[in-house]
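**Student:** My questions are about this predicted structure, shown below with the sequence.
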Amino acid sequence: MGKDVLRKRMQSSPFFVVGLSVAFVIVVSVIFLPFFTGYSPTANSLTSTFQKPDWLSHGLSGHILGTDELGRDIFTRLLYGGRYSLFIAAVVVLLQVFLGTSPGILAGYFGGILDTIVMRLCDIVLAIPNLILAIAIMAVVGVNMTNLIFVLTFAGWVDCCKVTRNNVLVIKNREFVHASVVLGASHGHIMFTQILPNVTTHIIILASQRFGFTILLEAALSFLNLGIQPPVPSWGNMIAGGRSFMTIYPWLVFAPGIALMLCVLAFNFLGDGLRDVLDPKRN
């Protein structure tokens, strides 16, 4: 696909343009804006509890989105919570791609008993809802950042494995693969230099779609007190902490809730846009 064609497809896909724009703003904001707010995400200030949002009337030095029950600046906690969510999602998706792609390629290429074992294992994991599986594992292994990443990775590697395996089944029957076999190329050379580059498009699309879902699943676990633990901010535990005051101080819930919604929508749109841009069957 030429650069001009790729650029044209990007510009013509509203999902890609909107998703990339919003995702870019979110990523840049959570990385750089905390340096300018001047507040700690965890330090209490009991003289400043439940202050109403001042909506930038005092610039970044004010409480843009108000304060919570412990006087902590919600805007600052929102930014730091976004940092944790994006970091965890990035690590988890990379691990899911690595752990899912490897057995998927092997199962699709060699077939037989290996394919049967891998696919039955995938079926077992898919039979359990992701959230229920994550809750069960966290209840057993304990709650910390490492275990959270492990749980989210384990709950999502199957999709990548099945997509990779299904695409390998198609590509391994192409003429260029048969020619490599006749010429005596090794299995490793065929799998990783000829087949893998032809399935990366589908992997990239799936990874971008999994990103938003991973953020949502992490927020759900944090809401249930099985993810990031207070006082470290997370959009999930911020919603959980503010629900008791929702009718009186609604910004405690609305701020992290809207941020979570926008972030998940942005990456879902980006995933749909990448599918439109990279799909070779699209005219």
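**Tutor:** Noted; the coordinates are in hand.
**Student:** any idea how far residue 234 lies from residue 251?
**Tutor:** 17 Å (CB to CB, to the nearest Å). Quick note: C-beta positions are derived from backbone N, CA and C, even for glycine.
**Student:** These two: which is more packed in?
**Tutor:** Between residue 234 and residue 251, residue 234 has the larger neighbour count (other CB atoms under 10 Å), namely 29 against 21.
**Student:** show me what contacts that one?
**Tutor:** Counting by CB atoms under 8 Å, 6 or more residues apart in numbering, residue 234 touches 81, 84-85, 218-219, 222, 227-228.
**Student:** What about those residues, which are in helices?
**Tutor:** Among the contacts of residue 234, the ones falling in helices (DSSP state H) are 81, 84-85, 218-219, 222.
**Student:** Among the contacts of residue 234, which one has the most neighbours?
**Tutor:** Using other CB under 10 Å as the neighbour criterion, residue 227 leads the contacts of residue 234 with 30 neighbours.
**Student:** Tell me, how many residues neighbour residue 183?
**Tutor:** Neighbour tally, residue 183, other CB under 10 Å: 7.
**Student:** what's the pLDDT at it?
**Tutor:** Note on residue 183: pLDDT of 86.
**Student:** Ramachandran angles for it?
**Tutor:** Backbone geometry at residue 183, expressed as degrees, to the nearest 10, gives phi -80, psi 0.
**Student:** which stretches of the stretch 1-150 of the chain have low pLDDT?
**Tutor:** Within the stretch 1-150 of the chain, the ranges that satisfy pLDDT under 70 run 1-2.
**Student:** Spell out the residue ranges of the helices in it.
**Tutor:** All helices of the stretch 1-150 of the chain, identified by DSSP state H, counting those that start in this stretch, fall at 3-12, 14-32, 34-37, 74-110, 112-126, 130-141, 145-171.
**Student:** Report the buried residues of the second one.
**Tutor:** By neighbour count with 16 or more other CB atoms under 10 Å, helix 14-32 contains the buried residues 15-16, 18-20, 22-23, 26-27, 30.
**Student:** Export that helix to CSV, keeping only CA atoms.
**Tutor:** Written as CSV, here are the backbone C-alpha positions of helix 14-32 (Å, rounded to 0.1, in the frame of the first residue of the first chain):
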residue,chain,number,x,y,z
PRO,A,14,-14.0,9.8,10.3
PHE,A,15,-13.5,7.1,12.9
PHE,A,16,-9.7,7.2,12.4
VAL,A,17,-9.5,11.0,12.5
VAL,A,18,-11.7,11.5,15.5
GLY,A,19,-10.2,8.5,17.4
LEU,A,20,-6.6,9.6,16.7
SER,A,21,-7.3,13.2,17.6
VAL,A,22,-9.0,12.5,20.9
ALA,A,23,-6.5,9.8,21.9
PHE,A,24,-3.6,12.1,21.1
VAL,A,25,-5.1,14.9,23.3
ILE,A,26,-5.7,12.4,26.2
VAL,A,27,-2.2,11.0,26.0
VAL,A,28,-0.5,14.4,25.8
SER,A,29,-2.6,15.7,28.6
VAL,A,30,-2.0,12.9,31.1
ILE,A,31,1.8,13.0,30.4
PHE,A,32,2.5,16.7,30.5
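**Student:** Run through the neighbouring helices and strands of it.
**Tutor:** helix 3-12, helix 74-110, helix 251-278 (3 or more CB pairs under 8 Å, 6 or more residues apart in numbering; DSSP states H and E).
**Student:** switch the cut-off to 6 Å
**Tutor:** Helix 14-32 sits against helix 74-110, helix 251-278, with contacts defined as 3 or more CB pairs under 6 Å, 6 or more residues apart in numbering; DSSP states H and E.
**Student:** Export those to a markdown table and append columns for distance to residue 140.
**Tutor:** Below are the helices and strands packed on helix 14-32 laid out as a markdown table (distance: least, CB to CB, whole Å):
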| stretch | distance to residue 140 |
| --- | --- |
| helix 74-110 | 19 |
| helix 251-278 | 27 |
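**Student:** So which of these is nearest residue 193?
**Tutor:** Of all those, helix 74-110 sits nearest to residue 193, with 11.9 Å by CB to CB.
**Student:** List the buried residues for the closest one?
**Tutor:** Buried residues in helix 74-110, defined by neighbour count with 16+ other CB under 10 Å: 74-86, 88-89, 92-93, 95-97, 99-101, 103-109.
**Student:** Kindly report the same for stretch 38-49.
**Tutor:** Neighbour-count burial for stretch 38-49, counted by 16+ other CB under 10 Å, picks out 39, 41, 48.
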